[in-house]
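> could you work out the structure for the sequence below:
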Amino acid sequence: MPDQRLFFALWPGADVREALLQQLSVGPAVKGRRHHPDDLHMTLVFLGQLRGRKPACIEQAAESLAGQSFELILDHTGYWPKPKIVWLAPQSTPEPLIHLVDGLKQRLTECGFEPELRLYKPHVTLFRKAQRISPWQLMQPIQWPVKEFVLASSNNPQPNQSRYKILQRWSLK
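Next comes the predicted model:
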C-alpha cells in the first residue's frame, strides 16, 4: 500500500444503502454537499496517512479481532456546526460495536497509532458543508445487519465520483 489515508469502517450493503438514500429524499431539504451513494459508511477508527507504518501490522490488528455480528438501528439525525455535517445515527450504541471499536484501537496501538481520546460517536455522514438543520426522527428506522467491517482508503475523486475505496474486508461472527 502506498502512502494513503486509511480508516476502518462499517460499509452498508445494497439494501441498507438504498434505505439511507431514501432518507435523503424524504427528510427536510438540506443545502450542502451530499455524500456520493457509494461513500456512505460508518467510520470505526480513522488511521490517517500510513507514513512508513507497516500495512501488515494494521491487517493483523483487524484479523486478530473476534468481533460478533450485530444489528444497528439508525433512527435519528443531527447536525454538527463546526464541521457543518448532517448525520444519521443510532439512538443507542450496541455493545458489539463498542467492543469492535475498542478492540481495534487497542490492537492498533501496537502498530504505533495513538488512540483518539474523543468519545466514539457512531454516525453516517449524509451531507458536508451543510447549512444548519433541525434534527429529525426517522419515521421508519433503518435496520442494518452488521456482519463485517472494512479497511478503506480515501482518494481525490473527480466530480460525482466516489471518494473511498474498500481495500479489505473482515467478517464478524
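> grab the most central residue of the protein for me.
Nearest to the geometric centre of the chain sits residue 42, at 1.7 Å (C-alpha atoms, centre = their mean).
> that residue contacts residue 121, correct?
No - using C-beta atoms under 8 Å, residue 42 is not in contact with residue 121, being 10.3 Å away. (Glycine included, C-beta is placed from N, CA and C.)
> could I get the pLDDT score of residue 151?
pLDDT, residue 151: 96.
> hmm, back to that, dump the residue contacts of the residue nearest to the centre of the chain.
9, 10, 72, 122, 123, 124 (C-beta atoms under 8 Å, 6 or more residues apart in numbering).
> show me where this protein dips below the pLDDT cut-off.
Low-confidence segments of the chain (pLDDT under 70): 1-3, 26-27, 52-53, 156-162.
> where does the closest residue to residue 170 other than its chain neighbours land in three-state SS?
Distances taken as C-beta to C-beta, 6 or more residues apart in numbering place residue 62 nearest to residue 170, at 5.1 Å, with adjacent residues excluded. Secondary structure, DSSP: H, G, I helix; E, B strand; the rest coil: residue 62 is helix.
> checking residue 48 next. Helix, strand or coil?
Here residue 48 is recorded as strand under three-state DSSP.
> and the residue nearest to the centre of the chain, how close does it get to residue 48?
Going from residue 42 to residue 48 by C-beta to C-beta, to the nearest Å gives 18 Å.
> may I see the buried residues of the lengthiest helix in the chain?
In the chain, ranked by residue count with DSSP state H as the criterion, the top helix is helix 95-109. For helix 95-109, the buried set under the neighbour-count rule, 16 or more other C-beta atoms under 10 Å, comprises 96, 97, 100, 101, 103, 104, 105, 107, 108.
> before we move on, what about stretch 141-156?
For stretch 141-156, by 16+ other C-beta under 10 Å, it's 141, 142, 144, 146, 149, 150, 151, 152, 153.
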